[in-house]
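Enquirer: What would the 3D arrangement of this be:
(chains A, B and C)
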Amino acid sequence: MPELPEVETTRRGIAPHLVGHQIEQICIRQAQLRWPISADLAKQATHHVIDAVSRRGKYLLIRMPHGSIILHLGMTGNLAIVALDKAPGKHDHVDFVLNNGSVLRFRDPRRFGSIHWSDAPEAHRLIASMGPEPLGPDFTGQYLYEQAKNRACAVKNFIMDGKVVVGVGNIYANEALFKAGIRPSRAAGRISLARYCALVGHIQATLEEAIDAGGSTLKDFYHSDGKPGYFQFQHLVYQKAGTLCPVCGAVIAQVVIGQRSSFFCAQCQR
DNA sequence: CTTACCGCCTGTCGGC
DNA sequence: TGCCGACAGGCGGTAA
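Expert: Next up is the predicted model:
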C-alpha cells in the first residue's frame, strides 16, 4: 500500500535514471489497469527527453517538454529500474525501455494503479481538483479548520479526502490522529483550531519521518525490487487492535469508518 | 455542495 | 494437506 512517503521515495529513486534520457519504447503486457492504458501513451511519451520526475499527491509525473506521464501505484504497484534482459514476472505489466540501456518496470498485482498521458497535466481531471500537498505551505491548522466548518463527516474521512488534502492514506490518518489525541470518528466540524494545528504538525512529522527512513534505506533502485527498505516502520496503532496503547495501556480498538479499518485508543483519543 | 457507498483486483488468511 | 470464501484497500465515480 504505497503511501505518500513510499511514492516520494520511489520518485527519488527513479529520477536519476530517467532525467535527461528518453523512452525508446513502451512495452505494455497488460493494459487493463484501473483504467485501460490509452494508445496515446506510447505515441506521445517516446523519443522525447525527460526533464523531471515530480509528484502530486500520490501521483508521479514523468515530465517532458510537451506533456507528462501521470502514474499512480494504487495499492500494490511499484516501479523498479531493471536490466534490459531481465525477464518480466507475472505482474510486470509495463516496461518503459530507456535509451540508456535500462528499463523502468511497472509491477502491480492488483492493478489498482493507473498510467495516463496528458499534454497539460496540471489541468488533467485527476490532478486539477486536488487539495494542497500535506508537506506544502498551504496545509496549515487554520486551513483545515476553515475547510471543516459545517462538515459533519468523521475527521478521519475528512483528512483522507483528496479535495481537502492529498496523500494522507489510511495508515497515516490513523497514526496522526492518535498522536494528536483526536478520535477518528469525531465530526470534522467539531474540532478546535488548536487541535487542528496539532494534527497538521503530526501529519507532517509522521510523513517526513517515513520519507527520511525511506531515503536512508534506499541504496540503489537498480538492484531493488522497488520496495524501499522502511517497511519495518513501527506503527503505534495501525493494525494494533487488541494490543496495549503505548501511552496509557488501554486496549487499542478497531472500528470501520467510511469502509476502512480504523484503530484508536478510546482512552487517549476524544 | 456533502455524504455514503460501490467496485476494480489478487494475495493472504482463517476455517473446515 | 488442500480447498474455498472472506477480506483488505486507494480512490474516482455515482447515487442519494
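Enquirer: From here on, just use CA atoms for contacts and neighbour counts.
Expert: OK.
Enquirer: Point out the other elements, helices or strands, that the helix or strand containing residue A:11 touches.
Expert: Here residue A:11 sits within helix A:4-18, counting by DSSP states H and E. Taking 3 or more CA pairs under 8 Å, 6 or more residues apart in numbering; DSSP states H and E as contact, the helices and strands that helix A:4-18 lies on are strand A:52-56, strand A:59-64, strand A:78-83, helix A:193-217.
Enquirer: for the first one, packing partners?
Expert: What it means is strand A:52-56. Contact analysis of strand A:52-56 by 3+ CA pairs under 8 Å, 6+ apart lists helix A:4-18, strand A:59-64 as its packing neighbours.
Enquirer: Residue A:172 versus residue A:117, what's the distance?
Expert: Between residue A:117 and residue A:172 the distance, using CA to CA, to the nearest Å, works out to 29 Å.
Enquirer: what about the closest residue to DNA strand C within the stretch 101-250 of chain A, how many neighbours?
Expert: Across the stretch 101-250 of chain A, no residue is closer to DNA strand C than residue A:170, which sits at 4.4 Å (CA to the nearest atom of the strand). When neighbours are defined as other CA atoms under 10 Å, residue A:170 has 19 of them.
Enquirer: Local confidence estimate at residue A:238?
Expert: The predicted structure scores residue A:238 at 89 on the pLDDT scale.
Enquirer: count of neighbours near the nearest residue in space to residue A:44 that is not next to it in sequence?
Expert: Closest residue to residue A:44 in three dimensions, ignoring its sequence neighbours and counting by CA to CA, 6 or more residues apart in numbering: residue A:117, at 7.4 Å. Residue A:117 has 23 neighbouring residues, counting by other CA under 10 Å.
Enquirer: For residue A:117, which three-state class applies?
Expert: Assigned state for residue A:117: strand (three-state reduction, DSSP: H, G, I helix; E, B strand; the rest coil).
Enquirer: Hmm, residue A:69 and it touching each other?
Expert: Yes: applying CA atoms under 8 Å, one finds residue A:117 in contact with residue A:69, separated by 4.7 Å.
Enquirer: So for these two, which residues contact both of them?
Expert: Overlap between the contact sets of residue A:117 and residue A:69, as judged by CA atoms under 8 Å, 6 or more residues apart in numbering, is given by A:41, A:45.
Enquirer: Report the residue spans of chain A with pLDDT below the cut-off.
Expert: A:215-233 (pLDDT under 70).
Enquirer: 90 instead, please
Expert: Within chain A, the segments meeting pLDDT under 90 span A:1-3, A:90, A:210-235, A:238-243, A:258-259.
Enquirer: Make CSV out of the helices and strands packed on helix A:4-18 and add distance to DNA strand B and mean neighbour count.
Expert: Putting the helices and strands packed on helix A:4-18 into CSV (distance: least, CA to the nearest atom of the strand, whole Å; neighbours: other CA atoms under 10 Å) gives the following:
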stretch, distance to DNA strand B, mean neighbour count
strand A:52-56, 20, 18
strand A:59-64, 16, 23
strand A:78-83, 13, 22
helix A:193-217, 16, 18
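Enquirer: Just send the ones you listed back as TSV, with distance to DNA strand C too.
Expert: Below are these laid out as TSV (distance: least, CA to the nearest atom of the strand, whole Å):
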stretch	distance to DNA strand C
strand A:52-56	10
strand A:59-64	7
strand A:78-83	13
helix A:193-217	14
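Enquirer: Could I get the full set of helices for chain A?
Expert: Under the criterion DSSP state H, chain A contains helices at A:4-18, A:40-45, A:125-128, A:141-148, A:155-160, A:170-180, A:193-217.
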